[in-house]
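# Generate coordinates for the sequence data below:
(2 chains)
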Amino acid sequence: MNEENRQMNKTSTDEIRFCAFCPNLCRTNYPTSGMPQREYMTPSALAYLGYAVMNGLIQYDEDIGDVLTKLEAFEECKKACLYGYDIPSHMRELAADLKAS
Amino acid sequence: MMMVSMKERQYQTQDQTQEPWFNSLREIVGEDNVITRFGERLAYGRDRWPRSNLKYRFGNFPLAEPYLVVVPGTYEEVIQLVKFANVNRIPIVPYGLGSGGVGGALPVSGGITVDLKRLNKLIEIDEINCLATVQAGMHGGLFEAALNKRRLTCGHFPQSLTISSVGGWMACRGAGQSSTRYGKIEDMVVGLKAVLPNGELMEVRPVPRRAAGPSIKDILVGSEGTMGIILEGTLRVLPYPEVETVHAIGFPDYLAALDALRKIVQSELRPAVVRLYDENESKPKIADYREFDGYPCLCMLTFAGTRELVEVEERLSLRICKESGGKEGPPEPVHKWLASRYEALSHKPIFQGQMMDTIEISARWTDMPAIYEEMRAAILAVDPEIHCGAHWSHIYTDGGCMYLTFKFAAPEEGPAEAKHQRISEGTMAVCLKNGGSISHHHGIGFFRGKWLKEELNTGHALLQTLKDGIDSNHIMNPGKLGLR
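Residues are numbered from 1 along each chain as shown, chains lettered A, B, ... in the order given. Sure, this is the predicted structure:
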């Protein structure tokens, strides 16, 4: 799968790409307890993973698919997104597309 | 530099769980805190070094693939990890929140990345002595918020406040936007705990000043993980300011403005924020205000503290500005800046297919004009179309910090990387030739190591000798600060 044959619309993929290189400006909302403290669960890291798969930079497999669904902290951080984006929704859509393809 | 493709590495990495030492490692931090999956390790292969994000745009690791990541939850676990790394001769790389701009948290030769985020507690606030003890992995913005609840402030406000850790501030010897009043992080840290490369715990007790040999604390503050892993720091804090006032002053040129800033700080006045923009950076900020016509260089000053002190400092400072040819305009540009002061902007150019970087040098007042003019010329010599601007944002009685920003179109990885390298070579040479320091507060990381050797000369050899003495196996973040 790449950006040319994706099912998602351009706004969604653009927002994922934007988030992938954002330095986690929303990470103040990352819960400091009750949540694994992991860089790969931050919004930018997960969005990058989505970007990398969408663009064929890495290959989609079961492990990647599993990581892409770890959106608990992302949901919390979404509330602090300076740009008002709902990237977790795009990520769920992407994960579903990838699993189906 | 060799290309390390993600796609190639994705299935080529040896299964870490088959390593003969894997079970020992798992016993130290617990199975849940060892990260081996490629999709998870990927997050640790970049920081905010623009080259690392350029590489990631195109699916390559900037230096090396992070081979394995661990997330310790206690100081004892960190000690055991360092001892383990020595026994097995595996390099380790400390990682906080990954906001560094020069590749300090990137693996140079694989190894184990040590994510410090679980060490994120505020240990103590000592209101009588105005000290706060905090673990290295604590989020900077949350640390400041916790102090504010007690009507205190750390006074350390980097643009990265909300994306960086307190340990990261210490490790890279950072500075905040109010450094003119509150100082840099090395002025704030009075004590710390760290694990040395040989696995020994070192504690520097917090005392106001000492004449007890060279500053041991400063071997760690600014070491970027090469001399040990910082676990916690005790920082000076201050009462939250009673009032804060803001002023926007236009100057006919940057030289007149620099002269005013020098006189302000040499008059023992301490504004909180001092930001002077050159014409290029001022233009978008003052375009809507005719009051700045004929005064194309914008200077922002803020004052903070008790009401009486602020009144005196702003009155005297504004008088100096006026005497130096400045004219006060509407404060809106300052309010706009304050509203977005923590919004790091690096992702916007990346999204547009550009590459942006910043260079923050320090220099004496007398060297500053030549450094500014020649660094600009060095950038434009690479490509006259490059967008380039500068501001001065930290001042001292003997000089200040100049912060230069440049960006250019980067549709392809190789040419963009080459252009970035040429710009860096040219600007660093100018800085060194004119007697400046190549970094005021971003640090050296991986990228600036070669120029650090030139700046420190025999001092760099001293650092290497010191590192060799406490890190004979070269396991502590090798390749950073130009050290083994």
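# B:Leu380 contacts B:Glu374, correct?
No - with contact defined as CB atoms under 8 Å, B:Leu380 does not count as touching B:Glu374 (10.8 Å). Where C-beta positions appear, they are placed from N, C-alpha and C, glycine not excepted.
# Spit out the contact partners of B:Lys480.
Each residue near B:Lys480 by CB atoms under 8 Å, 6 or more residues apart in numbering or on different chains is listed here: B:103-104, B:108, B:224-226, B:444-446, B:449.
# how long is stretch A:23-36 from one end to the other?
One end of stretch A:23-36 to the other measures 19 Å (CA to CA, to the nearest Å).
# Give me the buried positions along it.
Using 16 or more other CB atoms under 10 Å in any protein chain shown as the test for burial, stretch A:23-36 gives A:23-30, A:36.
# Any residues of the stretch 1-150 of chain B in contact with chain A? List them.
B:6-7, B:10-11, B:32, B:35, B:37-44, B:48, B:53, B:56-59, B:69, B:71, B:95, B:97-99, B:115, B:117-118, B:120, B:137, B:139, B:141-142 (CB under 8 Å from any CB of the partner chain).
# Spatially nearest residue to the residue in the stretch 1-150 of chain B positioned nearest to chain A (excluding sequence neighbours)?
Closest approach between the stretch 1-150 of chain B and chain A, counting by CB to the nearest CB: B:Gly59, at 3.1 Å. The shortest distance from B:Gly59 to any non-neighbouring residue, by CB to CB, 6 or more residues apart in numbering or on different chains, is to A:Leu57 (3.1 Å).
# Need the contact partners of whichever helix in chain A runs longest.
Counting residues, the longest helix found in chain A (DSSP state H) is helix A:87-100. Residues outside helix A:87-100 that contact it (CB under 8 Å, 6+ apart): A:1, A:6-8, A:12-13, A:15-16, A:19, A:43, A:46-47, A:50, A:53-54, A:60, A:65, A:68-69, A:71, A:74-75, A:78, A:81.
# Buried ones in the longest helix anywhere in chain B, by neighbour count?
In chain B, assigned by DSSP H, the helix with the most residues is helix B:413-433. Under the neighbour-count criterion of 16+ other CB under 10 Å, helix B:413-433 has B:413, B:416-417, B:419-420, B:423-424, B:426-431 buried.
# And for stretch B:287-299?
B:289, B:292, B:295-299.
# Could you do stretch B:189-205 as well?
Buried-residue list, stretch B:189-205, by 16+ other CB under 10 Å: B:189-199, B:202, B:204.
# same question, stretch B:302-309
Buried residues in stretch B:302-309, defined by neighbour count with 16+ other CB under 10 Å: B:302-305.
# residues in contact with that stretch?
Here stretch B:302-309 makes contact (CB under 8 Å, 6+ apart) with B:178, B:181, B:241-247, B:271-273, B:310, B:313-314, B:317, B:334, B:338.
# please redo it, this time with the cut-off set to 10 Å
Residues from elsewhere that reach stretch B:302-309, judged by CB atoms under 10 Å, 6 or more residues apart in numbering or on different chains: B:153, B:155, B:177-178, B:180-182, B:238-247, B:269-275, B:310-315, B:317-318, B:331, B:334, B:337-338.
# Show only the entries of those found in helices.
B:180-182, B:310-315, B:317-318, B:334, B:337-338.
# Can you tell me which of those lies closest to B:Ile28?
For the ones in helices among the contacts of stretch B:302-309, the minimum distance to B:Ile28 (CB to CB) is 38.3 Å, reached by B:Tyr182.
# Pull the contacting residues for that closest one.
Counting by CB under 10 Å, 6+ apart, B:Tyr182 makes contact with B:153-157, B:175-176, B:188, B:236-238, B:270, B:272, B:304.
# let's see 8 Å
By CB under 8 Å, 6+ apart, the contact set of B:Tyr182 is B:154-156, B:176, B:188, B:238, B:272.
# about what we covered before: and the contacts of helix A:87-100 near chain B, which?
Among the contacts of helix A:87-100, chain B is touched by A:Leu68 when using CB under 8 Å from any CB.
# Before I go, just wanted to say thanks for your time.
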